[in-house]
Structures are given as C-alpha cells and as structure tokens.
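>>> coordinates for the following, if possible.
(one chain, ligands or ions: 1)
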Amino acid sequence: MQQAPFFQVIDGQLIGARQVASPNYNQRPEHTEIQLVVVHNISLPPSQFGGGYIEQFFQNQLDWSQHPYFQSIEGMQVSAHLLILRSGEVLQFVNFNDRAWHAGRSTYLGKKECNDYSIGIELEGSDDLPFDEVQYAVLAQVTAALQVAYPKILQHLAGHSDIAPGRKTDPGPFFDWVKFRTLLQQHKIHQE
Ligand SMILES: [Zn+2]
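Numbering: from 1, shown residues only. Predicted coordinates for the structure are as follows:
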C-alpha cells in the first residue's frame with residue numbers, strides 16, 4: 001500500500017508541498033476569514049502535461065515564444081495557492097494568508113471577489129481529459145488538512161465554473177465531485 005503523504009498547515013504554509021514562490025499575490029482584505037476552496041484545472045499548452053510550464057507561468061518566468069498558445073496568455077500575471085501535478089506532487093506558490101490571483105471576476109453565495117477569501121487549487125488537467133486517480137487522493141488529503149486549519153471551508157468547496165459561470169469552465173466535466181467528496185469524507189472519519 002502506498003504511504004499517504006503527510007500534509008499539515010503551519011503559518012499558512014502547507015507542509016508536504018514543494019514551495020515555489022510566486023510574485024503574483026497581495027494581501028487579503030483586513031479581517032478576512034478563509035472560507036472557500038476553489039478547484040481549477042490548468043495545462044500548458046492546453047491538454048498537454050509535464051514540461052514545468054505552469055510553474056514558470058505562475059512565477060512570471062514563462063518564455064512566451066516557446067509555443068504559439070503561450071502568446072495568447074503573454075504578460076498575464078496569475079497564481080494559485082496550490083498546484084497538484086499529474087504525478088500527485090503538490091506545489092505551493094502563495095501562502096494561504098495571502099491573496100492569490102486565480103478566481104478573477106467571481107461571486108460565491110452573493111459574495112464577490114472570491115480571491116479575497118478563498119484558497120485556489122489547480123489540478124494539472126483539462127476540460128477534455130480525465131484527471132489522474134492520484135490527483136483525487138492528494139486533493140482530498142490536502143483539503144482535509146486545509147479544513148483543520150480553516151474550518152469554514154468544510155461546507156464551501158466550489159469549481160471555478162461555479163463562481164464565474166459563463167466565463168470559466170474549469171475544473172470541467174471530467175472532474176468527479178462525488179469521488180472527491182467521498183474521499184474527503186473518509187479522511188474526516190479518520191480524523192475523528
Ligand atoms: Zn480556473
């Protein structure tokens with residue numbers, strides 16, 4: 001049986017994740033409580049995996065000339081708190097105490113600017129391909145650790161498409177919310 005990686009949140013940092021600093025963040029508004037997890041997918045170029053381009057993109061270090069698609073996103077400055085690669089490896093770009101730039105114009109339960117109060121998790125994936133099993137397992141482990149640190153997110157898990165409908169489609173039709181919630185529930189039972 002595969003050993004489950006150990007995840008824990010300490011001072012806004014996810015222990016168990018590889019830390020990669022992104023300059024694309026700012027402060028959350030004062031007295032903002034983290035209360036939402038937003039699930040995304042990303043792949044660069046679209047539907048191609050590996051290559052390290054997402055990492056470079058979130059660090060503003062992507063060479064835009066390397067692929068025609070990159071020119072369509074040239075100069076964009078974005079980030080997410082976490083990225084879960086196809087291998088299951090987790091990268092953290094922004095401290096949870098800070099505001100990452102992943103949601104854009106968005107609304108959740110009538111509250112605008114989801115970046116202010118959410119944690120953004122990108123899965124390396126696309127709208128037209130299934131995610132890897134290990135990504136679900138790791139996403140559930142990570143979310144369970146986040147729920148310990150930020151209890152309000154327990155009831156508030158959303159996709160980018162849920163908070164920016166008509167504008168965003170990710171995590172897409174292949175993301176299996178039932179599987180994710182079932183795995184997450186199993187972690188909760190173990191924690192109790
Ligand atoms: Zn997204």
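
>>> check contacts around the spatially most central residue of the chain.
Centroid-nearest residue in the chain: residue 121, 0.8 Å away (criterion: C-alpha atoms, centre = their mean). Applying C-beta atoms under 8 Å, 6 or more residues apart in numbering, we find residue 121 in contact with 37-40, 80-84, 139, 142-143. C-betas here are computed from N, CA, C, even on glycine.

>>> which helices and strands sit right next to the one helix or strand in the chain whose mean pLDDT sits lowest?
When the helices and strands of the chain are scored by mean pLDDT, DSSP states H and E, helix 177-191 comes last with a mean of 89. If you count contacts as 3 or more C-beta pairs under 8 Å, 6 or more residues apart in numbering; DSSP states H and E, helix 177-191 packs onto helix 133-149, strand 157-159.

>>> dump the C-alpha coordinates for the first one into CSV.
Which is helix 133-149. Taking Å, rounded to 0.1, in the frame of the first residue of the first chain, the C-alpha atoms of helix 133-149 are listed here in CSV:
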residue,chain,number,x,y,z
GLU,A,133,-6.6,8.9,-9.6
VAL,A,134,-3.6,10.1,-7.5
GLN,A,135,-4.7,13.7,-8.0
TYR,A,136,-8.1,13.0,-6.4
ALA,A,137,-6.4,11.2,-3.5
VAL,A,138,-3.9,14.1,-2.9
LEU,A,139,-6.6,16.7,-3.4
ALA,A,140,-8.7,15.0,-0.7
GLN,A,141,-5.7,14.8,1.7
VAL,A,142,-4.8,18.4,1.1
THR,A,143,-8.4,19.6,1.5
ALA,A,144,-8.7,17.6,4.8
ALA,A,145,-5.6,19.4,6.1
LEU,A,146,-7.0,22.7,5.0
GLN,A,147,-10.3,22.0,6.8
VAL,A,148,-8.4,21.5,10.0
ALA,A,149,-6.8,24.9,9.7
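
>>> residues of this protein that sit close to the ion?
Residues of the chain lying close to the ion by C-beta under 5 Å from the ion are 40, 160, 170.

>>> looking at strand pairing, list the partners for the first one.
The residues paired with residue 40 through beta bridges, assigned by DSSP bridges, are residue 122.

>>> surely it meets residue 123?
Yes. Counting by C-beta atoms under 8 Å, residue 40 does reach residue 123; the two are 6.9 Å apart.

>>> between these two, which has more neighbouring residues?
Neighbours were counted for residue 40 and for residue 123 using other C-beta atoms under 10 Å; residue 123 has more, 26 against 22.

>>> ok, the more buried one - contacts?
39-42, 83-84, 131, 135, 139, 171, 175.

>>> and for residue 108?
Listed by C-beta under 8 Å, 6+ apart, the contact partners of residue 108 are 36, 114, 118, 156, 158, 162-163.

>>> now it: phi and psi?
Per-residue torsions, residue 108: phi -130, psi 120 (degrees, to the nearest 10).

>>> so who does the residue nearest to it when sequence neighbours are not counted touch?
Of all residues not flanking residue 108 in the chain, residue 163 sits nearest, at 4.8 Å (C-beta to C-beta, 6 or more residues apart in numbering). By C-beta under 8 Å, 6+ apart, the residues touching residue 163 are 38, 103, 106-108, 114.
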